[in-house]
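*Asks:* build me a model:
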Amino acid sequence: MYGSPVLPPDFVSLPYANPDAPKGGAIVLGNTGGFDSLNPFVRKGTAPWQLAFFTHETLMGRSWDEPFTLYGLLAESVEVPEDRSWVEFTLRPEAQFSDGSPVTVDDVIFSYDMLGSEGHPRYHGLRTQIDSITQTGPRTLRMTFNTQNRELALLAGMRPILSKAQWEGRDFANAALADIPVGSGPYIVSAYQAGRQVTLARNPDYWGKDVPFRRGTHNIDQIKLDFYGDANVLFEAFKAGEISAIREFNAETWATQYDFPAVERGDIVKSTFTHEKPSGITGFVMNTRRAPFDDIRVREAMIAAFNFEYINETLTGGAQPRITSYFSNSPLAMSDGPAEGRVAELLAPFKDSLPEGALEGYALPVSDGSARNRSGIRTAMKALHDAGYTAQDGTMRDANGKALRFRILLSKGSTENMAIAELYIQALKRLGVEATVEAVDDAQFVSRNAEFDFDMAIFRRALSLSPGNEQRYYWGSEAADQPGSRNLMGVKSPAIDAMIDTMVNATTTQDFIAATRALDRVLTAGRYVVPFWQFTQDRIAHIAEMKYPDHVPLYGDGPNYMPEVWWIEAEQ
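*Replies:* This is a model prediction of the structure:
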């Protein structure tokens, strides 16, 4: 995105892959919930998230050891002008789908058009910014953009490529479970039991095994994905030896519940991976499209009433630091105190519409750690009074006498989120606010989120060290009313839109960082999410036979670090 790639043109493999890793073996991984689709590229249904990474490929692949750098995958070369107004890709002649047919320019053009119209909404935005896609040679195509956005040249290389022969003339958006997309990736779906299990087999004829970007990756012959009703059942299955590896997000659980016999014998290994990625935002998101959360003062009250220090101590032993902003734990995070320098300059034109604290400085409240949280409750009470609410017979009511009550939408799969919600609800009762949990299965949770059918919901948005065009989809004004978008809070802010524009069009690192810090300020001061804790380490418990390289990438465990570069090494 900025500067030059770290790796030279003749690199052998990614720095966090072992090019000499042995091939073979089998593992079982666990997912919660179920699935009713094997097509991860459409809005309809719920598909195992791993499929998009293992069965399909993109023109270029991302290195997780750099903020945002792409290397050739299906494309053997890429050409862009200085202003990045277009990008041209040349396909590798050896690239082919799992059915043996070649990956052609027609397949690429078809994929961008199909995904941009009938695919998941996350693919639509890029296609609208591509003015034309034309074939310029036997294996070459050019995409010309209709907007000035330097990131588009990279994003254009990151869309999954579908088989035109499979989908032309068919209903892609409403494909049946049995219609498994044919991809060019290293794995194929070899078997499945609807809602219960998917088996991925490494394709022995995979075309790209000698491509530098792929050397030392996808070493395991078979990956089974088993589905469990909730996280507790999944963990018990891991303890019983039915699952090969598990990610743990709770530091207290990691410290106290991974002492079962298999760990003590050494059959299970606990591995930790540090990273330098932003915290992202995890917490309860408030839907500003509907009352009462369309009022920032009510949102302020909800944040003040959330007794983070007490909840953190109760559930994690105080081991997890709090998320302090969307990009905390990284150089992109907003600074303490008033905005200064370039950040202040970028925000100045919007000073009259910015939320309180965006320019002056804003920080989350800190309690004394006691269960009562008197100062937080007092702050929350004042904010609600300012919003026109009064306590009547122990119930907080608005000027029309309507009680302040709402529901918290959760997925049944997470007992931790349920525990957080229960402690939060107890605090809200002291305010005279009635909150209840609405726990639904994964499919309903996804559907309700897509339709913005919730008051407050559990929310997680991971962010990278190179945020860009996807930020429009996360919190851009245009996405606020687009069903299926990730702007769950429904924020519409000219300042946010302008900061994203500045960020994606920045030509210097300095301007990019300033725009991101300014964006961080507006999002955090907007009080859209009640933040939880962040994860500064990735934790994976796994069978001893599973090995990984010494070099851990910049992004730590990464989106698919395990099992992409891991391998099986039989114990002697």
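
*Asks:* CA only for contacts and neighbour counts going forward, please
*Replies:* Noted.

*Asks:* who touches Phe35 in this structure?
*Replies:* Listed by C-alpha atoms under 8 Å, 6 or more residues apart in numbering, the contact partners of Phe35 are 45-48, 194-196, 443.

*Asks:* oh sorry, the question was meant for Arg521
*Replies:* The neighbours of Arg521, taking C-alpha under 8 Å, 6+ apart as the test, are 325, 334, 358-359, 361-362.

*Asks:* hmm, try it at 6 Å
*Replies:* Counting by C-alpha atoms under 6 Å, 6 or more residues apart in numbering, Arg521 touches 334, 358.

*Asks:* now Leu200
*Replies:* By C-alpha under 6 Å, 6+ apart, the contact set of Leu200 is 187-190, 222-223.

*Asks:* identify the farthest-apart pair in the contacts of Phe35.
*Replies:* The largest distance within the contacts of Phe35, taken as C-alpha to C-alpha, falls between Gly45 and Arg196 and amounts to 14.8 Å.

*Asks:* neighbour count winner among the two?
*Replies:* For Gly45 and Arg196, the more surrounded residue by other C-alpha atoms under 10 Å is Gly45, and the numbers stand at 20 against 17.

*Asks:* assumed that one was part of a strand.
*Replies:* No: secondary structure assignment places Gly45 outside any strand; it is coil (DSSP: H, G, I helix; E, B strand; the rest coil).

*Asks:* tell me the contacts of it?
*Replies:* Remark: with contacts taken as C-alpha under 6 Å, 6+ apart, Gly45 is in contact with 36-37.

*Asks:* how about the contacts of Phe35 in CSV, adding distance to Gly283 and pLDDT?
*Replies:* Rendered in CSV, the data for the contacts of Phe35 read as follows (distance: C-alpha to C-alpha, whole Å; pLDDT from 0 to 100):
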residue, distance to Gly283, pLDDT
Gly45, 25, 90
Thr46, 23, 91
Ala47, 24, 93
Pro48, 23, 94
Ala194, 32, 92
Gly195, 28, 92
Arg196, 29, 95
Ala443, 20, 88
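
*Asks:* can you turn the buried part of those into a ChimeraX selection?
*Replies:* Buried members of those, defined by 16 or more other C-alpha atoms under 10 Å, are picked up in ChimeraX with:
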select :45,46,47,48,195,196,443
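
*Asks:* leaving out chain neighbours, which residue sits closest to Ser335?
*Replies:* Leaving aside its sequence neighbours, Ser335 sits nearest to Arg517 (C-alpha to C-alpha, 6 or more residues apart in numbering; 7.6 Å).

*Asks:* where's that neighbour relative to Phe532, distance?
*Replies:* Here the criterion is C-alpha to C-alpha, to the nearest Å. By it, Arg517 lies 20 Å from Phe532.

*Asks:* which element is the residue nearest to Ser335 on?
*Replies:* Secondary structure assigned from DSSP states H and E places Arg517 in helix 509-525.

*Asks:* list the buried residues of that helix.
*Replies:* Of the residues in helix 509-525, those with enough neighbours to count as buried (16+ other C-alpha under 10 Å) are 511-525.

*Asks:* centre of the chain versus it, how much separation?
*Replies:* 19 Å (C-alpha atoms, centre = their mean, to the nearest Å).

*Asks:* repeat for stretch 511-527
*Replies:* Taking C-alpha atoms, centre = their mean, one finds stretch 511-527 lying 19 Å from the centre of the chain it belongs to.

*Asks:* so where do the helices sit in the stretch 201-350 of the chain?
*Replies:* Chain-ordered helices for the stretch 201-350 of the chain, with DSSP state H, counting those that start in this stretch as the definition, fall at 231-239, 251-256, 261-265, 296-305, 308-316, 341-347.

*Asks:* among these, which is nearest Val565?
*Replies:* Distances from Val565 to each of these were compared using C-alpha to C-alpha; the minimum, 21.3 Å, belongs to helix 231-239.

*Asks:* neighbouring contacts of the closest one?
*Replies:* Taking C-alpha under 6 Å, 6+ apart as the criterion, the residues outside helix 231-239 that touch it are 228, 413-414.

*Asks:* for that helix, C-alpha coordinates in PDB please.
*Replies:* As requested, the backbone C-alpha atoms of helix 231-239 are provided in PDB (Å, rounded to 0.1, in the frame of the first residue of the first chain):
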ATOM      1  CA  ALA A 231     -18.500 -23.200  23.000                       C
ATOM      2  CA  ASN A 232     -18.800 -25.300  26.200                       C
ATOM      3  CA  VAL A 233     -19.600 -28.500  24.300                       C
ATOM      4  CA  LEU A 234     -16.800 -27.700  21.900                       C
ATOM      5  CA  PHE A 235     -14.300 -27.300  24.700                       C
ATOM      6  CA  GLU A 236     -15.300 -30.600  26.300                       C
ATOM      7  CA  ALA A 237     -14.800 -32.300  22.900                       C
ATOM      8  CA  PHE A 238     -11.300 -30.900  22.800                       C
ATOM      9  CA  LYS A 239     -10.600 -32.200  26.300                       C
END
